[in-house]
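*Asks:* fold the following, please.
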Amino acid sequence: MSLVLAPTTLSRLSEVAVRAPVLGWVVTVAILTVGLPAAIFGQFHPGIVMPVTAMVAFVLWRPLARQSSEIFSIAGAGPALLVAALIVVASLGTNVVKASQHLATNRDPGVYLETGLWLADQGNLELDGREGPFLEHPELLGGGLGFTEFGDRSQLHAQFGHGTAVLIGVGSWFGGSRVAVRIPALLSAVGLFLWWSVLRRVSSPWWATVGTAALAVNLVFIHFSRDTFSEPLAFLLLAGATLVLTTSSSPLSWGAAGWVLGLSVAARIDMIMVVFGAAVLALLWSPTKRGSSAALAIGAASGTALAMVDLGLRSPEYLEDRWSALAPPLTLSGLLAVAALSGAAAGPRVRRLLPPRPSERSLKAAAGFGGALIVLAAFYALLIRPETVVQYSGFSGHIAGLQAREGLEIDGTRTYGENAMVWLTWYAGIGAVVLAVAGLVLGLTRLTRARAITLVAPLVLLVPMSVLYLQRPRITGDQIWAMRRFFPTMLPLLILLACMAGAWLGSVMRDRAGLTASRTLQLVAAGVLLLPPALVSWPARSDRTILWASTTIESLCETLGDDAAALILDQGLLGSHLVNSTRRVCKIPTARGTLGDIDLVALSSAWADEGRRLVVLEYAGWPIEGLIESNRHPMPQSHLERTLERLPEQISAGTRQVSVWRFPD
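*Replies:* Residues are numbered from 1 along each chain as shown. Model (predicted):
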């Protein structure tokens with residue numbers, strides 16, 4: 001029996017492979033378009049969200065289907081497309097199997113997951129907080145890290161935009177927390193395949209496949225795809241919008257792409273920099289693609305407006321905290337969008353006002369000067385800045401603890417952001433960074449010859465945010481945590497530029513030394529792009545964060561009973577990590593606080609009047625005077641080690657015991 005596929009079979013498989021990720025993007029956008037307003041206004045229920053989502057998905061799919069000759073084109077893709085599909089499927093399978101269980105609200109993934117699971121159960125974004133006698137004690141709190149009490153302090157706002165929580169909530173409808181925790185892996189896989197289509201249009205099908213593999217084996221991609229982070233959703237939305245902009249010229253498609261880019265702010269607030277890029281793109285094309293550029297500007301403004309409504313109504317404390325950083329790019333994006341709309345309305349009159357195209361000699365000189373600046377900037381960021389600059393922020397006890405563990409000078413105000421370019425070399429390899437710098441110089445040269453949308457769109461959308469975070473990441477500087485800043489834009493951009501450079505090197509070598517030399521050089525370049533991230537990822541291949549798995553919480557609930565009221569002490573941060581999930585899963589009143597601030601006898605008496613037993617939870621090892629330890633509950637944990645000046649390689653695993661204390665009978 002022959003294993004060779006018939007041409008018609010190969011063609012059909014290729015058509016399915018190229019359409020599937022676009023359909024996944026459309027469905028995701030439809031869920032957000034319907035689910036986010038439903039969540040904001042407390043109507044997030046399957047009977048409302050899913051039927052309307054199906055209709056919106058159909059409406060979004062139609063303009064893309066009309067452009068099928070380009071966006072779904074498989075001409076020249078050949079076996080490279082199917083190999084890329086296998087890479088994406090393998091990546092998805094591995095990340096789904098290793099999906100994390102992060103119910104502890106110690107860092108952002110726990111907040112996203114807890115919010116999404118609450119949303120699936122209750123249909124709104126006003127989470128329950130303290131109740132009953134707990135409300136009478138102002139020294140207590142009802143929410144963990146990332147949750148803020150408001151009103152009469154009986155309800156909570158969840159930090160961040162709620163796009164990721166909406167997707168997690170929909171996943172929970174289809175299989176509870178076991179499906180919900182795997183949503184980011186699915187989003188990353190769809191985004192990865194979409195990025196293949198973008199890469200193909202600036203390099204070649206095989207180089208796109210190499211780039212897809214390099215991104216799939218990168219530890220940054222793996223780690224953040226396996227936990228409930230917001231970056232996979234941001235990457236998916238950006239990848240799909242970029243593909244649409246580079247393959248379609250219709251106003252409907254560009255309007256949809258703009259809407260998605262604006263909506264990405266509901267996934268990550270810093271995606272406003274991508275909205276800024278969209279406004280620039282609309283302005284650049286306003287004299288020639290009047291309808292499309294106007295649609296892009298309006299779509300981006302509309303999507304951003306919905307994201308801002310979400311933040312303003314359901315996370316106002318977070319919006320206020322980030323407003324000083326958000327306001328400048330938001331304002332500038334609005335001004336550029338107005339300028340784009342004005343340019344589109346003026347049309348030919350604007351074109352007559354544009355200066356004549358510079359001479360070829362001037363363009364070459366500009367490209368040379370720009371290329372030299374790029375090389376110098378990369379040299380400075382990689383070799384000089386880490387030795388001459390130190391970036392600081394507010395004090396972090398977490399950073400100080402890591403410094404002590406690694407034998408470094410103790411200074412908890414350091415962010416290590418001056419090492420941003422060095423971090424890239426850790427995870428992607430120095431060869432990939434060199435290729436990317438060469439690709440950026442090459443891209444600049446190409447843009448002086450012709451302003452092709454296939455190159456302009458990804459550069460304009462990805463470069464602003466990438467440069468911003470290369471200059472100052474604005475994040476706690478432990479690894480691998482700090483690298484989440486580079487997942488949605490910098491890493492995809494690095495891969496795109498490196499693939500461009502690799503394809504160009506192959507073309508030049510083929511013309512000068514023949515096909516064999518060209519293939520040899522390209523194999524070496526592909527190895528430079530693939531091997532370093534694969535070698536870095538291998539020691540941490542079993543990376544999976546387990547911090548309060550759902551089964552562990554359910555077992556704790558059985559121990560506590562239905563008639564309990566749980567006070568979780570903040571000793572060892574247990575209260576801030578566990579209070580939300582205990583309340584949601586056990587369906588009992590919970591609060592957190594510090595032991596010395598609380599009159600336990602009075603609180604127990606007040607709950608007894610309500611027909612409930614007061615139980616106190618804390619990490620084992622600290623006895624509580626006057627109470628009896630009735631149970632010790634094991635809490636298995638595992639996570640990738642945290643580091644500062646080296647790559648994380650080992651998985652930290654262990655079990656902590658949680659003591660359950662009660663009053664004597």
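*Asks:* and the pLDDT for the most centrally placed residue in the chain?
*Replies:* Most central in the chain under Cα atoms, centre = their mean is residue 231, positioned 0.3 Å from the mean C-alpha point. On pLDDT, residue 231 comes in at 97.
*Asks:* one more: residue 594?
*Replies:* 89.
*Asks:* picking up where we left off before, show me what contacts the residue nearest to the centre of the chain?
*Replies:* Residues near residue 231 by Cβ atoms under 8 Å, 6 or more residues apart in numbering: 224, 268, 484, 487, 488. No exception for glycine: its C-beta is placed from N, CA and C like everyone else's.
*Asks:* hmm, the first one is touching residue 232, no?
*Replies:* Yes. Distance between residue 224 and residue 232: 6.6 Å, which falls inside the contact criterion (Cβ atoms under 8 Å).
*Asks:* so those two - more neighbours on which side?
*Replies:* residue 232 (30 against 25; other Cβ atoms under 10 Å).
*Asks:* list the helices and strands the longest helix seen in the chain packs on?
*Replies:* Taking DSSP state H as the criterion, the chain has its longest helix at helix 7-40. On a contact count with 3 or more Cβ pairs under 8 Å, 6 or more residues apart in numbering; DSSP states H and E, helix 7-40 meets helix 46-66, helix 78-97, helix 163-173, helix 183-202, helix 231-247, helix 251-263, helix 290-314.
*Asks:* cutoff 7 Å now
*Replies:* helix 46-66, helix 78-97, helix 163-173, helix 183-202, helix 231-247, helix 290-314 (3 or more Cβ pairs under 7 Å, 6 or more residues apart in numbering; DSSP states H and E).
*Asks:* for that helix, give the mean pLDDT please.
*Replies:* 90.
*Asks:* what does stretch 338-350 give?
*Replies:* Stretch 338-350 comes out at a mean pLDDT of 80.
*Asks:* lowest mean pLDDT among the helices and strands of this protein, which one is it?
*Replies:* helix 348-353 (a mean of 60; mean pLDDT, DSSP states H and E).
*Asks:* name the next helix or strand downstream of it, please.
*Replies:* Helices and strands here follow DSSP states H and E; after helix 348-353, the next one along the chain is helix 360-379.
*Asks:* contacts for that following helix, please.
*Replies:* Residues from elsewhere that reach helix 360-379, judged by Cβ atoms under 7 Å, 6 or more residues apart in numbering: 437, 440, 441, 444, 445, 448.
*Asks:* one more time with 8 Å, if that's ok
*Replies:* 358, 421, 433, 437, 440, 441, 444, 445, 448, 449.
*Asks:* filter these to the buried ones?
*Replies:* 421, 433, 437, 440, 441, 444, 445, 448 (16 or more other Cβ atoms under 10 Å).
*Asks:* quick one: residue 228 is in a helix?
*Replies:* No. Going by DSSP: H, G, I helix; E, B strand; the rest coil, the assignment for residue 228 is coil, not a helix.
*Asks:* how many neighbouring residues does it have?
*Replies:* Neighbour tally, residue 228, other Cβ under 10 Å: 33.
*Asks:* go on, residue 495?
*Replies:* Neighbours of residue 495 (other Cβ under 10 Å): 31.
*Asks:* in terms of helices and strands, where is it?
*Replies:* Counting by DSSP H and E, residue 495 is found in helix 490-513.
*Asks:* dump the contacts of helix 360-379 to a markdown table, plus distance to residue 210 and pLDDT.
*Replies:* Listed next are the contacts of helix 360-379 as a markdown table, based on distance: Cβ to Cβ, whole Å; pLDDT from 0 to 100:
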| residue | distance to residue 210 | pLDDT |
| --- | --- | --- |
| 358 | 35 | 67 |
| 421 | 23 | 96 |
| 433 | 16 | 97 |
| 437 | 18 | 96 |
| 440 | 18 | 94 |
| 441 | 20 | 93 |
| 444 | 23 | 88 |
| 445 | 22 | 87 |
| 448 | 27 | 78 |
| 449 | 25 | 74 |
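*Asks:* so of those residues, which ones are in strands?
*Replies:* Members of those lying in strands (criterion: DSSP state E): none.
*Asks:* just these now: which is nearest residue 515?
*Replies:* Distance to residue 515, by Cβ to Cβ, is smallest for residue 445 among the contacts of helix 360-379, at 24.5 Å.
*Asks:* which ones are touching that closest one?
*Replies:* Per Cβ under 8 Å, 6+ apart, neighbours of residue 445: 367, 371.
*Asks:* before we move on, back to that, closest one of the buried ones among the contacts of helix 360-379 to residue 196?
*Replies:* residue 440 (20.4 Å).
*Asks:* list the contacts of the closest one.
*Replies:* Residue 440 touches 374, 497, counting by Cβ under 8 Å, 6+ apart.
*Asks:* what does residue 621 give?
*Replies:* With Cβ under 8 Å, 6+ apart, residue 621 has these contacts: 657, 659.
*Asks:* tell me the pLDDT of it.
*Replies:* 76.
*Asks:* how about residue 639, phi and psi?
*Replies:* Main-chain torsions, residue 639, degrees, to the nearest 10: phi -170, psi 160.
*Asks:* which non-adjacent residue is nearest it?
*Replies:* residue 545 (4.6 Å; Cβ to Cβ, 6 or more residues apart in numbering).
*Asks:* same for the helix holding residue 495, what does it pack against?
*Replies:* Going by 3+ Cβ pairs under 8 Å, 6+ apart, helix 490-513 lies up against helix 183-202, helix 205-216, helix 231-247, helix 420-428, helix 430-449, helix 453-471, helix 515-537.
*Asks:* sheet partners, orientation included, of the next helix or strand after the longest one?
*Replies:* By that I understand helix 515-537. Downstream of helix 515-537, the next assigned helix or strand under DSSP H and E is strand 546-547. Using DSSP bridges, the strands paired with strand 546-547 are strand 101-102 (parallel), strand 628-640 (antiparallel).
*Asks:* what sits up against the first one?
*Replies:* When contacts are taken as Cβ under 8 Å, 6+ apart, the neighbours of strand 101-102 outside the stretch itself are 109-110, 113, 177, 181, 227-228, 545-550.
*Asks:* repeat that for the longest one.
*Replies:* If you take Cβ under 8 Å, 6+ apart as the criterion, strand 628-640 is touched by 223, 480, 540, 543-549, 552, 555-556, 559, 615, 620, 623, 648, 650-664.
*Asks:* wait, what's in contact with residue 522?
*Replies:* Residue 522 neighbours (Cβ under 8 Å, 6+ apart): 207, 502, 503, 505, 506, 509.
*Asks:* lowest pLDDT pick from the residues you listed?
*Replies:* residue 509 (87).
*Asks:* ok, back up a step: mind putting the helices and strands packed on helix 7-40 into a markdown table with distance to residue 577?
*Replies:* Formatted as a markdown table, the helices and strands packed on helix 7-40 follow (distance: least, Cβ to Cβ, whole Å):
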| stretch | distance to residue 577 |
| --- | --- |
| helix 46-66 | 30 |
| helix 78-97 | 24 |
| helix 163-173 | 18 |
| helix 183-202 | 20 |
| helix 231-247 | 22 |
| helix 290-314 | 23 |
